[in-house]
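Visitor: sharing a model prediction with you, sequence too.
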Amino acid sequence: MHSFVPVLLSALLLFPACATSSAPTDATPPPSPAATAPEATTPPDQAALAADPNACPLGKSDTWNACVGKLVDIRGQAPKFVNQHPVLAPLSPPGGDQPTIHQSYLETSEGNQIIVLSRQDVKCSGAMRVKGNLRAIDLGGPDRTKESYRGWAIDDATIVCE
């Protein structure tokens, strides 16, 4: 029985919304997760994105397919550790005339890691904001194998550490 205690505590830390609340039952319900998601842009940013016909406001990651190929603005964190991802940044020979593209990563509040490709060599250690063009990555392959990578990348990104 004692071996379940760390697992239960970990689950409560990871999923605090599952814990019981001491709030009265007639309390106003909290806003929906989509309305409070850190990925969602702030109103001034939504106005700027709305002015661009190629822009797309992001919500939860299960709705991102509609934004592929469009300008997005997303907030998240620099990951504490980086999962396995394909290398998408082209290698430029030293002294070549091609611009160097840097590959970094952003982690969303859902725990998803996004590949960020930018001409900036920015290393954030905490909160960050990324603007760029969303791309879906699907390497195919059988599910749950190394050949089955599916994820997201943001091309031509502008990165701001917050």
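Guide: Sure, I can see it.
Visitor: I'd like the average pLDDT over stretch 66-83.
Guide: The average pLDDT within stretch 66-83 is 91.
Visitor: numbering from 587 from now on, please.
Guide: Got it, the first residue is 587 from now on, which makes the last one we talked about stretch 652-669.
Visitor: who touches that stretch?
Guide: 624-625, 627, 631, 635, 638, 640-644, 690-695, 699-700, 709-722, 740, 748 (CB atoms under 8 Å, 6 or more residues apart in numbering). Just so you know, the C-beta spots here come from the backbone N, C-alpha and C atoms, and that holds for glycine as well.
Visitor: contacts for stretch 683-700?
Guide: Contacts to stretch 683-700, defined as CB under 8 Å, 6+ apart, come from residues 623-625, 646-647, 660, 662-665, 668-669, 671, 673-676, 678, 701-709, 714, 716, 737-740, 745.
Visitor: so residue 644 is in contact with residue 716, correct?
Guide: No. Counting by CB atoms under 8 Å, residue 716 is not a contact partner of residue 644; they are 10.6 Å apart.
Visitor: ranges for the helices of this structure?
Guide: If DSSP state H is used as the criterion, the helices of the chain fall at 590-600, 619-622, 629-637.
Visitor: which of those helices has the lowest mean pLDDT?
Guide: Out of these, helix 619-622 stands lowest, with a mean of 34 (criterion: mean pLDDT).
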